[in-house]
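>>> Quick one, structure for this:
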Amino acid sequence: MEQTQRFKHEVPKPEKHDNRADGKPTRTLKIEVDGDPWFGNIKPKIRLRGNWLDRAGFKPGTRVSVTCIAPGIIELHSFDQGAAGREAV
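Next comes the predicted model:
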């Protein structure tokens, strides 16, 4: 049996580097669970990491601001290391 026939019923995985209509690269991430489910103390968590962040202008050690634009929409802005790097952490 050929491999294409054997795996015919599997659902294809989404592309890792899908692009929007405007050509900007996008990523699909899963909201993780953080906290202690035993006590019902769980919170959503988003973890961002990878070389794509560097290519997008988010360098290691820089600070970012996170703004909730609307329910389900957040915006990240990288600060210039020279100005924001002097702030107290």
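
>>> all strands for the protein, in order.
Remark: strands assigned in the chain by DSSP state E are 32-36, 41-45, 64-70, 73-78.

>>> packing partners for the last one?
For strand 73-78, the packing partners by 3 or more Cβ pairs under 8 Å, 6 or more residues apart in numbering; DSSP states H and E come out as strand 64-70. Heads up, the C-betas are built off the backbone N, CA and C, glycines and all.

>>> what does the second one give?
On a contact count with 3+ Cβ pairs under 8 Å, 6+ apart, strand 41-45 meets strand 32-36.

>>> Can you add distance to Thr26 and give the strands of the chain back as a markdown table?
Output for these, formatted as a markdown table (distance: least, Cβ to Cβ, whole Å):
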| stretch | distance to Thr26 |
| --- | --- |
| strand 32-36 | 19 |
| strand 41-45 | 20 |
| strand 64-70 | 16 |
| strand 73-78 | 13 |
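
>>> which one of those lies closest to Asn51?
Distance to Asn51, taken as Cβ to Cβ, is lowest for strand 73-78 among the strands of the chain, at 15.4 Å.

>>> Okay, now the sheet partners of that closest one, with direction.
Counting by DSSP bridges, the strands paired with strand 73-78 are strand 64-70 (antiparallel).

>>> Would you mind checking the average pLDDT for the partner strand?
Strand 64-70 carries an average pLDDT of 95.
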